[in-house]
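Novice: Everything below, folded, please.
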Amino acid sequence: MLGSIMLEDQDMSSETAPANRQRPKRNKTELACETCRRRKSRCDGRHPSCSHCENMGLACVYRSPVAFLEGNSSVLTRLSNIEARLQSIDQSIPVAPPAERGAREGSSDNAWPKMPDFHHASAHKLFHCWPKLRISLANLDIEPVTFFKNVDDADTFNFENNFDTTDLGGIHVSEATSSISALFENVSQLPFILRHLLTTGGLTREVCLGLFNRYSDFSTGYDVRLQFETQSAEELLVQTVAFKHLSSTSMNVSLSRQADLCFKFALGRMWMIQSRQNPQILPFKFLFVICLLYVYGRPFHALGLLQSLEPQIHNASPMMRGDLATRAQYEAWLHLYFLLESDILTEVDGVPGKLSRNSDIRLREDALIGTPSDFSVDSMTFCGDDNSTQELQAHLRLRGYLNTILDSLYPLERAYCRPYDVAVLLTDVARRLDLWYWTLPINMRFPRHPSALLLTKEPMNLTMDELRFRYHAALFLINRPVLYYVLHERLEHAATASELETSKNDPWVYESCYDCLQNAIMIVLLHTQRPRMSITDGFQNWCNLQHLIAAHATLVQVQSNPDMSILLRNGVDINTLLDEAEAVLEQGMNRPANIKETLHILRNIRQNLQRNDQRTP
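Specialist: The predicted structure follows:
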């Protein structure tokens, strides 16, 4: 009995299953009738009457879709907002066709001039690439390629866990705020990178002084004494820069030690700053990078910290219709990143970040300051009238030239090239640099030759220092491959007996050698002519000191060459100039271990070359 019932159920289910599968699905209703809308019930959308209205004998009325949307103002408002949002996103992230995108990335007018992944233009690589310099290091047991990084890694100044603070008393809030005020009163005398951060990059006087407002709540008529152990990293970083500035102007060694102590405590709170990703913390992170590079000469740490900011800078990009101040601050961050990374990678090995390499991540077409292009003559003219805009454009332009020189003349495949391999590019860059100089405003032009600089009676304009360094560094680097070839021509041709005779180089080759040496002398003079204990002594650009090292090494080798030393007879005593260059490297404030070790190498090379010259009949 039970078995038969189960069989009957199975037969019934088998019969009803096809019927269920064949039943048509109810169509999805796009618009319900008015009756079903009021009842909040499902409407099958049949026309002219839905099933419910037909069964109930009710009038079935449908709304017109157009009238419905037009009558609902809230929906229209929301759609308008969504369309505006999509339009702003499309404008901030442009998507171009492949052909157009390829042409845009190939255009030198719109893309950032890129740094090469590897080059051999660094100052410390001269000790490896130039044979006479490398031979002179034999008695020091130094590996020229790796010593620089090894010395920097072994330098524990400011990075040791335990440091003595017993001889340093605390400071009062009034001392900190007064030193910050003095910093901003002399902001025009600070290096451009720091000045740009303090004026445009978001670290204004109000922001810096506002960090200490919380101490006024606890003061009851007396000056609060600050404890470095309890201060925030932002306060300690601002105090570091302010105390270093004040110590260089007042020659107060105690203030310099206070600044070092502030920076040590700030390093201990580095994780607090790195964990914060809001745009308001970016100026303090840039200040951290500037302290590492300009105050303490730690390029590898500065580069690592700088490139870690890349995602945060990219995410902080404002909308196209954002307010002018926000856009100007964001552009200042892009400029700071471009200049700092390019300066560091000129002297240390590293790979440029995506922010500099990706041409899609650059300033907009309606940016306040245009992007630096390689050789665009039209963009050399200044579009702004104020000095700060002109100075910024000049820095971007010269840094763009330097990047192009490194990418074109100093990659691995260009090593030990001949003069004719670089003749076209050298001529083009030299012509455009000369054009750049003559398009400068009258008040920004500077003496370009040693004799003109020595005849100048007026003191040097400190605000133009870094521009002049970039200009002379570009000419020094563009002519240095030609000088190397002429100095080592006999050595390069030693394997071929027929070429041992003196080769006949074109006159422009020796003119290029002369230009290289003149710009090397200018780099040394720009350091030695600066007044002692000036404001900039506390913030000397470590990268400029590397150019000084390269100029020193080049002049020493030319001086020891009897055939080429005639190019140095221009009224400047080279021995005195080299002595002054060594004094700058030795006596300046905050000299890191890598500078001290390099100075030891330079003196050893100079001594060995002079000893060999005395033995030569």
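Novice: Now do the domain split for the chain, please.
Specialist: Under automatic domain parsing, the residue ranges defining each domain of the chain are 27-90, 123-140+169-370+386-615.
Novice: what's the most buried one of those domains?
Specialist: When you average the neighbours per residue for each of the domains of the chain (mean count of other C-beta atoms under 10 Å), domain 123-140+169-370+386-615 leads with a mean of 18. To be clear about C-beta, it is placed using only N, CA and C from the backbone, and glycine gets the same treatment.
Novice: From the chain's centre, how far out is that one? Work that out for me.
Specialist: 12 Å (C-alpha atoms, centre = their mean, to the nearest Å).
Novice: Against which helices or strands is the helix or strand containing Asn594 packed?
Specialist: Secondary structure from DSSP states H and E places Asn594 in helix 593-615. Contacts of helix 593-615 with other secondary structure elements, assessed using 3 or more C-beta pairs under 8 Å, 6 or more residues apart in numbering; DSSP states H and E, are made with helix 147-154, helix 542-559, helix 574-587.
Novice: export the ones you listed to JSON lines and tack on mean pLDDT and distance to Ala415?
Specialist: Formatted as JSON lines, the helices and strands packed on helix 593-615 follow (pLDDT from 0 to 100; distance: least, C-beta to C-beta, whole Å):
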{"stretch": "helix 147-154", "mean pLDDT": "85", "distance to Ala415": "19"}
{"stretch": "helix 542-559", "mean pLDDT": "92", "distance to Ala415": "16"}
{"stretch": "helix 574-587", "mean pLDDT": "90", "distance to Ala415": "27"}
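Novice: Comparing the domains of the chain by mean pLDDT, which bottoms out?
Specialist: In terms of average pLDDT, domain 27-90 trails the rest of these, at a mean of 75.
Novice: just to revisit the earlier point, of all the helices and strands packed on helix 593-615, which lies closest to Pro419?
Specialist: With C-beta to C-beta as the criterion, Pro419 lies closest to helix 542-559 of the helices and strands packed on helix 593-615, at 16.4 Å.
Novice: Helix 147-154 and that closest one, what's the angle between them?
Specialist: Interaxial angle, helix 542-559 versus helix 147-154 (axes from the mean of the first three to the mean of the last three C-alpha atoms, to 10 degrees): 140 degrees.
Novice: Tell me the helices and strands packed up against helix 542-559.
Specialist: For helix 542-559, the helices and strands in contact under the criterion 3+ C-beta pairs under 8 Å, 6+ apart are helix 126-129, helix 131-135, helix 324-347, helix 465-487, helix 507-528, helix 574-587, helix 593-615.
Novice: will you turn these into a markdown table that also has distance to Ile442?
Specialist: Putting the helices and strands packed on helix 542-559 into a markdown table (distance: least, C-beta to C-beta, whole Å) gives the following:
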| stretch | distance to Ile442 |
| --- | --- |
| helix 126-129 | 37 |
| helix 131-135 | 41 |
| helix 324-347 | 25 |
| helix 465-487 | 15 |
| helix 507-528 | 20 |
| helix 574-587 | 30 |
| helix 593-615 | 36 |
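Novice: Quick check: which of these is nearest to Ser51?
Specialist: Within these, the stretch nearest Ser51 is helix 324-347; the backing value is 58.2 Å (C-beta to C-beta).
Novice: that older thread, which among the domains of the chain is found nearest to Asn150?
Specialist: Of all the domains of the chain, domain 123-140+169-370+386-615 sits nearest to Asn150, with 9.3 Å by C-beta to C-beta.
Novice: thinking again about what came up before, would you list the helices and strands packed on helix 593-615 in a markdown table and tack on distance to Ala123?
Specialist: Below are the helices and strands packed on helix 593-615 laid out as a markdown table (distance: least, C-beta to C-beta, whole Å):
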| stretch | distance to Ala123 |
| --- | --- |
| helix 147-154 | 9 |
| helix 542-559 | 4 |
| helix 574-587 | 11 |
